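Trainee: okay, sequence plus prediction incoming.
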Amino acid sequence: MGEESKIKKFMYVNRKSPYGTIYALESLEVVLISAAFDQDVSLTFTDDGVYQLMKNQKTEGIGMKNFSSTYSALGDYEIKKIYIDKESLEERGLSISDLQELVWEDEDEDYAEKSSINLVSRDELSEIMNQQDIVMSF
Amino acid sequence: MKLGILINEGPYQHQASDTALQFVKSAIKKGHEIYRVFFYNDGVNNATRFATPPQDDRNITKEWSAIAIEHNIDMVVCVAAAQRRGILDKGEAERNGKDSDNIEEGFRISGLGQLVEAGIQADRLITFGD
């Protein structure tokens, strides 16, 4: 690490379905590692990436490991900014209630559970992306 | 400018690695510094010296190796992604009881932290992928 400690804004953009390709799983692996670096981390789910957060995933039939419960640990890793592309949900006939709830505990408010999920339009999302230092897209 | 490069696709099937290679060559020519090239997802397959493409085709792995050695570029292959796909250095081969290693000279295997650190240290991180 350099002598000065820089805090950068890292955004991980998840664009693919959870199964079918390995991008979703390996993206999550980067996200969890990045939590150890004390950076300002956020996640975006867009396009088919919104399927990654679907409730009640069952993978027995395709012989894949179901890793969807890992997302609920993000709050414990201090990752509490999750952006969901509203239009991507709508295009797929989904609503926010189809997705698992992701929360973080606010130490300053007696560990009150707060939602990490922000439902945003594409215009809002592009603005948020513009503010990032690093955008990694999987 | 100090640049970090992320390559997420394997050689030949995708153009990502070719494009990254051309980008890196141009960036060096223009005086930029390549802080690190990080290979992730199927991108780790760029590191195998066992690939033998037809002689009239480019050898992407050899090209990466040559440019890394010439310009002293740090080329890191993600260990977790590499283990899944059978990319091994000597230590990994021994640790996992494999009969050979296959990593090309100029590449090294390390953790995902090296990718995040490249993001922190470089002025820009550029992704080449699908």
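Mentor: Received the coordinates, thanks. Because the structure is a prediction, the values reported are computed rather than measured.

Trainee: stretch B:88-105: how far from the chain's middle?
Mentor: Distance, stretch centre to chain centre, for stretch B:88-105: 16 Å (C-alpha atoms, centre = their mean, to the nearest Å).

Trainee: got the buried residues for it?
Mentor: B:88-89, B:92-93, B:101-104 (16 or more other C-beta atoms under 10 Å in any protein chain shown). Any C-beta I mention is one placed from the backbone N, CA and C, and that applies to glycine too.

Trainee: of those, closest to B:K25?
Mentor: Ranked by distance to B:K25 (C-beta to C-beta), the buried residues of stretch B:88-105 are led by B:E104 at 17.7 Å.

Trainee: dump the residue contacts of the closest one.
Mentor: Applying C-beta atoms under 8 Å, 6 or more residues apart in numbering or on different chains to B:E104 gives the contacts B:47-49, B:61-62, B:64-65.

Trainee: what's the nearest residue to it if we skip its chain neighbours?
Mentor: B:R49 (3.9 Å; C-beta to C-beta, 6 or more residues apart in numbering or on different chains).

Trainee: what kind of secondary structure is the residue nearest the centre of chain A in?
Mentor: The centroid of chain A falls nearest to A:L43 when counting by C-alpha atoms, centre = their mean (3.6 Å). Following DSSP: H, G, I helix; E, B strand; the rest coil, we place A:L43 in the strand state.

Trainee: and chain A, which of its residues are near chain B?
Mentor: A:1-2, A:6, A:8, A:10, A:22-23, A:26, A:29-30, A:33-34, A:36-37, A:39, A:133-134, A:136-138 (C-beta under 8 Å from any C-beta of the partner chain).

Trainee: just the buried subset of those, please.
Mentor: By 16+ other C-beta under 10 Å, the residues of chain A next to chain B give A:8, A:10, A:22-23, A:26, A:29-30, A:33-34, A:37, A:39, A:133-134, A:136-138 as buried.

Trainee: mind listing which of the residues you listed are in strands?
Mentor: Here DSSP state E is the test, and those give A:10, A:134, A:136-137 as lying in strands.

Trainee: what are the ranges of the strands in chain A?
Mentor: Under DSSP E, chain A gives strands at A:9-14, A:40-45, A:82-85, A:103-106, A:112-115, A:117-120, A:134-137.

Trainee: ok so, going back, quick one: which of the contacts of B:E104 is most hemmed in?
Mentor: Most neighbours among the contacts of B:E104, by other C-beta atoms under 10 Å in any protein chain shown: B:A47, with 28 neighbours.
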